[in-house]
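[1] quick one: sequence and predicted model below, then my questions.
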2 protein chains.
Amino acid sequence: MDEFALIAHFFAPLAAAEAGAFGLTDDAAVLALGSDQALVATIDTLVEGVHFRAEDPPESVGVKLLAVNLSDLAAMAAQPRGYLLSLALPQAWTTDRREAWLGGFVAGLRAAQAQAGVDLVGGDTIGTPGPLTLTVTALGTVAHGQAVRRAGAQVGDDVYVSGSIGDATLGLMLLQGRLAGASATDATLLIERYQRPTPRLGVGHGLRGLAHAAADVSDGLIADLGHICQASGVCATIESQRIPLSAPASTALRREPDVFMDLLRGGDDYELVFTAAPERAGDVARLAAATGVPLTAIGKIAGTHITQGAHSVRVTDPSGRDLVVVGSGGYCHFT
Amino acid sequence: MDEFALIAHFFAPLAAAEAGAFGLTDDAAVLALGSDQALVATIDTLVEGVHFRAEDPPESVGVKLLAVNLSDLAAMAAQPRGYLLSLALPQAWTTDRREAWLGGFVAGLRAAQAQAGVDLVGGDTIGTPGPLTLTVTALGTVAHGQAVRRAGAQVGDDVYVSGSIGDATLGLMLLQGRLAGASATDATLLIERYQRPTPRLGVGHGLRGLAHAAADVSDGLIADLGHICQASGVCATIESQRIPLSAPASTALRREPDVFMDLLRGGDDYELVFTAAPERAGDVARLAAATGVPLTAIGKIAGTHITQGAHSVRVTDPSGRDLVVVGSGGYCHFT
């Protein structure tokens, strides 16, 4: 199959439900947005050997590629509207290998786009002398003025995370042979969380008018909360014992307690971290109930900065002692 | 510089004029569109060694990367609104090489975005074990129902191209040592057309309500006119002697007439090919005068198809004999 046949066979079906994709045969997609809606747009690239493993199932690569992009929309409280896909396929692949890989990859995209209610609207397919390189631009909408940003966290806010933290890091450690002793069931669940993350679109959309600030957990809980603190000019204190862990993660930590620090710093969970005023705790609980996703308060926005651009996240242990303190310099004025 | 410092130093200045880019510090961009405007979106990837040469000036790579994407917006009659950039930088590069390359690349982007009146709104920066790989998503707007598509060409339409055809192919042949005898001035002009194409945004925007169908010349004149024919269910006849050539291209063809066939098939000109009703010839001439870009009638939409999906482009020589006939099967009903 040449490029046009590949697109018609593998990708046009993913675009069939979106009239503005023109069956992927035009120069660009044309999408109507609601008149009160702003466009929300983000781009992310995954490279084989860097962001996923060559031996990962191609179907899981499709799921993850879309999830990491939709997760950015969720963090802005946006709803997905469509996505563009650029595929750089290794020139060294045989035709059989390429078509087998694409079959699995497209099945993963199909599952992920059905779950998110979104269609492929455009793309580019090329050959590369390098590794498989996959780029998605996710397009979404949010009512004007309703996007939730990283800036906006206020002193006194509660800090929340969705779902559970650290599963993806443990899943990767299992795949890399750096973690032993997990049951087959636990290992499956943790690896699933690494390979097939779920973007928290329902939670994200519910953050409109509720959260003061939000980010997705892609760089790691401490790093991404740090981004919120830096953008908002505040500092946060997190109580380590309140960080929600899945049952498989709790079991793993009982065997290897030191791994906890890796979970704080590991990325790839694609949960949301956000802040909200304490008096909105009931609304947060209702959002958790409505979406079926746990939303757990793990600490507070504890103070403001004197030095612009500085940020600080402090994680305490159960006795109140510092477990981690991070910052980029500057004095943090804890209240 | 780490990823965040790179973004702040090189890329945040390219996003400074767009409030919705949030200084490239948020999870996604948020852009307001006019309430009567549809979103137009396209994605294209360039790989070193495939789409540009490793020895091309980094500034020219920045110009070309943006141009190839904006050209797709022009072909839909859209106006650019912003762009997202994903950079996969070789891990093997030294820090010095990376920063020197980025300095030139960003200068090229800055020049191209100033010319097009568009800003960077978001991006992703990663390392790759493979070659430099650059992806842009261009975002534009067009009034609802005013996008010009590949489908829509009608029997009897005139076929036009903007600017001149084949310069980029000759420029690449010069760089590859496959074309000799050009003067230094001619060589500079032809290479410039290959390395620094100009997206025809003004012409494209003027095609609203004027052109029946349009595409940009990225795969080659015959191929891209073929895409219009296939999408429209028509066939076209082009008179080779009417295809507009620049003075340097005409000079080169006098020395090497056989190269003409390469110019018909070569891509990278990023001109527009479009069709319009014969009674609109005066409007086309006025658009050419208003934009300063020559718009030349080169042939006709000559007939319709019986077999769906077939297409045919026929190029005749000055005596009316067939020079090229292409098609994907099926009987073309010439009128």
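    Here it is on my side, so go on.

[2] ok, how many other residues are close to the residue nearest to A:A21 when sequence neighbours are not counted?
    Computed as CB to CB, 6 or more residues apart in numbering or on different chains, the closest residue to A:A21 that is not its neighbour in sequence is A:A15, at 3.9 Å. (Glycine included, C-beta is placed from N, CA and C.) Other residues lying near A:A15 total 25 when counted by other CB atoms under 10 Å in any protein chain shown.

[3] also A:A88?
    For A:A88, the tally of surrounding residues (other CB under 10 Å) stands at 29.

[4] next SSE after the host helix or strand of it?
    For A:A88, the element it lies in under DSSP states H and E is strand A:79-90. Moving toward the C-terminus from strand A:79-90, the first helix or strand encountered (DSSP H and E) is helix A:95-116.

[5] next SSE after that next one?
    Following the chain from helix A:95-116 toward its C-terminal end, the next helix or strand by DSSP H and E is strand A:120-128.

[6] off-centre distance for that following strand?
    22 Å (CA atoms, centre = their mean, to the nearest Å).

[7] tilt between it and strand B:120-128?
    40 degrees (axes from the mean of the first three to the mean of the last three CA atoms, to 10 degrees).

[8] so strand A:120-128, near chain B or not?
    Yes. Contact between strand A:120-128 and chain B, assessed by CB under 8 Å from any CB of the partner chain, occurs at A:V121, A:G122, A:G123, A:D124, A:I126, A:G127, A:T128.

[9] between that strand and strand B:79-90, how many degrees?
    Orientation of strand A:120-128 against strand B:79-90 (the same axes, to 10 degrees) gives an angle of 40 degrees.

[10] what are the pairing partners of the helix or strand that strand A:120-128 is followed by, and which direction each?
    Beyond strand A:120-128 on the C-terminal side, the first helix or strand identified by DSSP H and E is strand A:133-143. Within its sheet, and counting by DSSP bridges, strand A:133-143 is paired with strand A:37-47 (antiparallel), strand A:79-90 (antiparallel).

[11] could you dump those to TSV with mean pLDDT?
    Compiled in TSV, those are given as follows (pLDDT from 0 to 100):
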stretch	mean pLDDT
strand A:37-47	96
strand A:79-90	97
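
[12] can you put these in CSV and add distance to A:G206?
    Output for the strands paired with strand A:133-143, formatted as CSV (distance: least, CB to CB, whole Å):
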stretch, distance to A:G206
strand A:37-47, 16
strand A:79-90, 11
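
[13] so which of those is nearest A:R200?
    Distances from A:R200 to each of those were compared by CB to CB, and the smallest falls on strand A:79-90, at 12.1 Å.

[14] give me the distance from the closest one to the chain's centre.
    Strand A:79-90 sits 16 Å away from the centroid of its parent chain (CA atoms, centre = their mean).

[15] residues of the stretch 51-200 of chain A that sit close to chain B?
    Counting by CB under 8 Å from any CB, the residues of the stretch 51-200 of chain A that sit close to chain B are A:51, A:72-73, A:75-76, A:78, A:82, A:84-86, A:88, A:121-124, A:126-131, A:133, A:135, A:137-140, A:142, A:144, A:147, A:149-151.
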